[in-house]
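# Here's my sequence, what's the structure:
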Amino acid sequence: MKMLLVEDDKTIAAGLDYSLQQEQFETILCYDAGSAKKVIREQLHSIDLCLFDLSLPDGSGYDLCKQVKSGSDIPVIFLTAIDDEVNVVMGLDMGADDYITKPFRIRELLSRIRSVLRRYDKQIQTKSIIEIASVQINTLEGKVYKRGEEVIVTALEYRLLLIFANHIGQVLTRTQLLERIWDVAGDFVNDNTLTVYIKRLREKLEDDPQKPEIIKTIRGLGYKAGE
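Below is the predicted model:
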């Protein structure tokens, strides 16, 4: 799970960065709006959540939120020292998903983060039919079809496929996949097992498993669901 953290107070930023990494989050840390905008332009497809300080030396979290939301529907949480209703409402109207007022306990922030991520998972899964190339996933039935014919998959294969389907066009690292499977299924899945599940899905879904188009390998980075 990759986060973009933007906080101009380097002491607070260092503490947050360390705490998030201890919770197995991968972080990209920026201290100003300029460097954050560059990351958003170049890496938005790989970011799962943004934490933006509201007041920055060369801009604001509002500007960053607008940039993120115009390019992708990923969650944004504001970090603010201004406990002001007008500012909070403005941020939420702009598309931010939550805010937390400094000072805060790291456990409270983690709880907000997980709550927002769960909301996004549920919103995505309300789509009854998700398509990847020739494959259709009926989330109401919990079934997978290829060109109209049902494909029998295991529960964990289905979950893995759904993760890809919910992130079409986005590169997902092996670590991100393992974290998402573990979080939802509660089953232990190691790196070797993940390889086996991806191989099985390809054998069931791809026209040519040796040249996959539905679950593509991005060398050195991870996997991407075909667009």
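# need the strands for the protein, in chain order.
For the chain, strands defined by DSSP state E occupy the ranges 2-6, 26-30, 49-53, 55-56, 59-60, 76-80, 98-101, 129-132, 135-138, 143-146, 149-151, 171-172, 215-218, 222-225.
# can you put the ones you listed in TSV and add mean neighbour count?
Where you see a C-beta, it was placed from the backbone N, CA and C, and this is true even at glycine. What follows is the strands of the chain, written out as TSV (neighbours: other CB atoms under 10 Å):
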stretch	mean neighbour count
strand 2-6	22
strand 26-30	19
strand 49-53	25
strand 55-56	18
strand 59-60	16
strand 76-80	23
strand 98-101	17
strand 129-132	15
strand 135-138	20
strand 143-146	17
strand 149-151	12
strand 171-172	20
strand 215-218	16
strand 222-225	20
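# so where is this protein shaky, pLDDT-wise?
The model of the chain has pLDDT under 70 over residues 82-86, 121-127, 182-189, 227.
# How is it partitioned into domains?
2-124, 127-225 (automatic domain parsing).
# right, and the strands of the chain - which one's nearest residue 112?
Among those, the nearest to residue 112 by CB to CB is strand 98-101 (5.3 Å).
# Spatially central residue for the chain, please.
The chain has residue 48 as the residue nearest its centroid, 2.7 Å off, counting by CA atoms, centre = their mean.
# show me where this structure has helices.
Along the chain, the segments classed as helices by DSSP state H run 10-22, 33-43, 61-71, 85-93, 106-125, 155-165, 174-185, 191-205.
# With respect to residue 219, which of those lies nearest?
Relative to residue 219, the nearest member of the helices of the chain by CB to CB is helix 174-185, separated by 12.6 Å.
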